[in-house]
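Novice: Just need the structure, nothing else, for what follows:
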Amino acid sequence: MNFLKPLYLRQRLFIILAAIACFFVISFFLPYLAVFPTLALIVLAIALIAEYFMLFSRNGFFARRSISERLSNGDQNPVKIFLENRYSFPVHLEVIDELPHQFQKRDSWFGISLATRARTEWEYSLRPVKRGEYEFGNVNVYVSTSIGLLMRRYKFNESRTVPVYPSFLQMRKYQLMAISNRLAEIGVKKIRRVGHSMEFEQIRDYVKGDDVRTVNWKATARRNGLMVNAFTEEKSQQIYCLIDKSRTMRMPFNGMSLLDYAINASLVLCNTALIRQDKAGIISFSENIGGIVPATRKQTQMNIILDHLYRQKTRYLEADYEKLYATIRSKVNQRSLLVLFTNFESLQALQRQLKYLRQIAQQHLLMVVFFENTGLSEIISKPAINVEQIYTKTIAQKFSFEKKLIVKELQKHGIISVLTAPENLTIETVNKYLEIKARQLL
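Specialist: The predicted structure is shown next:
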């Protein structure tokens with residue numbers, strides 16, 4: 001009976017059979033009507049046989065899934081289903097794509113009609129929210145003719161494992177915007193450079209808008225025209241992203257953990273630093289040091305960083321900042337910009353680690369990036385109409401005010417701080433990095 005496995009009966013067939021059965025019941029009381037359900041049953045049998053041979057006389061259909069070698073975490077990734085009708089008649093299709101269990105999505109179904117010998121593509125998108133391996137299954141296509149009583153199932157083996165990496169699509173978007181000088185369109189601020197670095201580049205003709213303090217009077221006298229000294233921004237400075245993997249980073253936001261937001265922002269920041277000819281590196285830590293990618297400018301550095309970030313997972317213990325300080329002191333010898341991605345929920349949590357942060361800030365330029373609780377902001381913005389809501393709003397205001405106290409406490413000790421919502425993390429971090437470069441704080 002293997003030939004019946006891909007055979008499916010459509011709902012309209014059962015409706016027709018139910019109608020014929022009703023006519024047979026009526027003809028029991030009105031015998032002269034018995035000829036009509038009998039003829040209908042004969043016609044139905046002929047139609048079933050005809051459609052069966054139309055569908056099963058040959059393998060008349062082909063389907064294939066097209067997907068990237070790896071998916072970008074937190075982004076919409078396109079998936080295409082290629083369909084080809086090899087029958088000599090038009091068909092109606094019902095396509096079901098077997099998606100990985102991580103998506104918890106059971107509605108990846110669509111119906112379409114396809115003309116004779118026609119081809120088409122159906123495209124949809126998937127947004128993964130966790131890094132790791134995703135198992136895609138088969139592509140199932142149910143084909144029926146214009147008669148519409150039977151369906152033949154085609155099962156195409158498109159099983160494959162696709163890894164989900166940190167958001168490389170977001171990284172590419174920032175990179176393309178930077179190349180085309182359109183970063184302002186995605187929220188990156190243009191910051192006026194204060195002064196200039198001491199790295200001399202060349203002497204060139206004066207252009208309207210140049211700083212008159214850079215005029216080279218000796219060259220001006222020789223050329224009988226205004227000449228200015230051109231300076232280049234300091235390069236090859238070290239940028240390290242310090243990523244906290246402890247339990248405080250497990251907090252979810254819009255389906256993704258805070259750790260994943262920090263990883264995506266670190267990827268963009270490292271790529272931006274390399275584009276500006278700085279050195280980029282990674283240090284991940286929790287109760288132990290998770291891994292170190294030394295800061296360099298080699299061409300393969302972004303691939304090394306991407307692979308390192310792909311493997312990072314949150315831990316259930318508290319972060320050990322003493323080990324982080326010891327690691328930085330032994331491994332990072334040059335003064336560097338250290339961007340710490342963490343999440344302090346209370347002033348007391350900060351004060352437990354403040355000693356080590358101050359020691360790190362004595363040798364390096366430290367920037368602490370932590371997260372605003374957007375759920376509290378929503379509670380505070382809503383009016384309170386009963387006693388319970390008044391208490392809830394008061395507590396939310398207390399926690400929100402404590403976040404601002406954390407910012408003040410860090411600034412008091414000369415530590416740069418960025419308090420931001422998770423969805424704005426990347427833009428805020430890149431803006432602060434560009435501001436530090438423009439003001440030559442490093």
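
Novice: SS state for residue 220?
Specialist: The three-state label given to residue 220 by DSSP: H, G, I helix; E, B strand; the rest coil is helix.

Novice: Test my guess that it contacts residue 214.
Specialist: No. Counting by C-beta atoms under 8 Å, residue 220 stays clear of residue 214, with 11.3 Å between them. To be clear about C-beta, it is placed using only N, CA and C from the backbone, and glycine gets the same treatment.

Novice: Which parts of this protein are helices?
Specialist: Applying DSSP state H to the chain gives helices spanning 11-29, 35-56, 168-179, 217-223, 258-275, 301-310, 321-331, 347-363, 374-381, 387-412, 425-438.

Novice: which parts of the fifth one are buried?
Specialist: Yep, that's helix 258-275 we're talking about. Within helix 258-275, the residues scored as buried using 16 or more other C-beta atoms under 10 Å are 258-274.

Novice: Check the first one too.
Specialist: Neighbour-count burial for helix 11-29, counted by 16+ other C-beta under 10 Å, picks out 13, 16, 20, 23, 24, 27.

Novice: Equivalent analysis for the shortest one, please.
Specialist: Judged by neighbour count (16+ other C-beta under 10 Å), helix 217-223 contains these buried residues: residue 219.

Novice: same question, stretch 137-144
Specialist: Going by neighbour count (16+ other C-beta under 10 Å), the buried part of stretch 137-144 is 137, 138, 139, 140, 141, 142, 143, 144.

Novice: and the helices of the chain, which one is worst for confidence?
Specialist: For those, mean pLDDT drops lowest on helix 168-179, to a mean of 75.

Novice: re the thing from before, out of the buried residues of stretch 137-144, list just those in strands.
Specialist: Among the buried residues of stretch 137-144, DSSP state E puts 139, 140, 141, 142, 143, 144 in strands.

Novice: about what we covered before: can you tell me which of the helices of the chain is nearest to residue 242?
Specialist: Taking C-beta to C-beta, helix 321-331 is the member of the helices of the chain nearest to residue 242, at 6.8 Å.

Novice: Also compute the angle for the closest one relative to helix 347-363, please.
Specialist: Interaxial angle, helix 321-331 versus helix 347-363 (axes from the mean of the first three to the mean of the last three C-alpha atoms, to 10 degrees): 10 degrees.

Novice: what's helix 321-331 in contact with?
Specialist: Residues outside helix 321-331 that contact it (C-beta atoms under 8 Å, 6 or more residues apart in numbering): 240, 242, 283, 285, 287-289, 292, 294, 338, 353, 356-357, 359-360, 363-364.

Novice: Restricted to buried residues, select the residues you listed in ChimeraX.
Specialist: Buried subset of the contacts of helix 321-331, written as a ChimeraX selection, criterion 16+ other C-beta under 10 Å:
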select :240,242,283,285,289,292,338,353,356,357,359,360,363,364
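
Novice: returning to that earlier point: need the buried residues of stretch 137-144 in JSON lines with pLDDT and distance to residue 48, can you?
Specialist: Formatted as JSON lines, these follow (pLDDT from 0 to 100; distance: C-beta to C-beta, whole Å):
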{"residue": "137", "pLDDT": "92", "distance to residue 48": "31"}
{"residue": "138", "pLDDT": "92", "distance to residue 48": "27"}
{"residue": "139", "pLDDT": "93", "distance to residue 48": "27"}
{"residue": "140", "pLDDT": "92", "distance to residue 48": "22"}
{"residue": "141", "pLDDT": "92", "distance to residue 48": "21"}
{"residue": "142", "pLDDT": "92", "distance to residue 48": "17"}
{"residue": "143", "pLDDT": "92", "distance to residue 48": "16"}
{"residue": "144", "pLDDT": "90", "distance to residue 48": "12"}
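
Novice: pull the CA atoms of stretch 24-34 into CSV?
Specialist: Written as CSV, here are the backbone C-alpha positions of stretch 24-34 (Å, rounded to 0.1, in the frame of the first residue of the first chain):
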residue,chain,number,x,y,z
PHE,A,24,-29.8,8.2,-1.2
VAL,A,25,-31.7,8.7,2.0
ILE,A,26,-34.3,10.9,0.3
SER,A,27,-34.6,8.4,-2.6
PHE,A,28,-35.6,5.7,-0.1
PHE,A,29,-38.8,7.7,0.4
LEU,A,30,-39.0,9.0,-3.2
PRO,A,31,-37.7,6.1,-5.4
TYR,A,32,-37.9,8.0,-8.6
LEU,A,33,-35.0,10.2,-7.4
ALA,A,34,-32.7,7.3,-6.9
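
Novice: Residue 208: neighbour count?
Specialist: By other C-beta atoms under 10 Å, 4 other residues sit near residue 208.

Novice: distance of it from residue 228?
Specialist: From residue 208 over to residue 228 the distance is 11 Å, taken as C-beta to C-beta, to the nearest Å.

Novice: got it, and residue 104?
Specialist: Taking C-beta to C-beta, one finds residue 104 at 62 Å from residue 228.

Novice: between those two, which one's more packed in?
Specialist: Taking other C-beta under 10 Å, residue 104 and residue 228 do not tie; residue 228 has more neighbours (20 against 7).

Novice: what pLDDT does the residue most central in space within the chain get?
Specialist: Centroid-nearest residue in the chain: residue 74, 2.1 Å away (criterion: C-alpha atoms, centre = their mean). Predicted confidence (pLDDT) for residue 74: 90.

Novice: now swap in residue 195 and tell me
Specialist: The predicted local confidence for residue 195 is 48.

Novice: Serialize the helices of the chain to CSV and add fields for distance to residue 118.
Specialist: Below are the helices of the chain laid out as CSV (distance: least, C-beta to C-beta, whole Å):
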stretch, distance to residue 118
helix 11-29, 24
helix 35-56, 17
helix 168-179, 32
helix 217-223, 71
helix 258-275, 41
helix 301-310, 40
helix 321-331, 61
helix 347-363, 62
helix 374-381, 48
helix 387-412, 58
helix 425-438, 43
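
Novice: how about these, which one is nearest residue 159?
Specialist: Nearest of the helices of the chain (C-beta to C-beta): helix 301-310, 21.9 Å.

Novice: which regions of the stretch 51-200 of the chain lie under the pLDDT threshold?
Specialist: For the stretch 51-200 of the chain, the stretches with pLDDT under 70 are 107, 176-200.

Novice: could you redo the last one with a cut-off of 80?
Specialist: 105-108, 174-200 (pLDDT under 80).

Novice: quick one: the residue lying closest to residue 24 once chain neighbours are set aside from residue 333, how far?
Specialist: Nearest residue to residue 24, sequence neighbours excluded (C-beta to C-beta, 6 or more residues apart in numbering): residue 37, at 4.9 Å. In this view, residue 37 and residue 333 are 93 Å apart by C-beta to C-beta.
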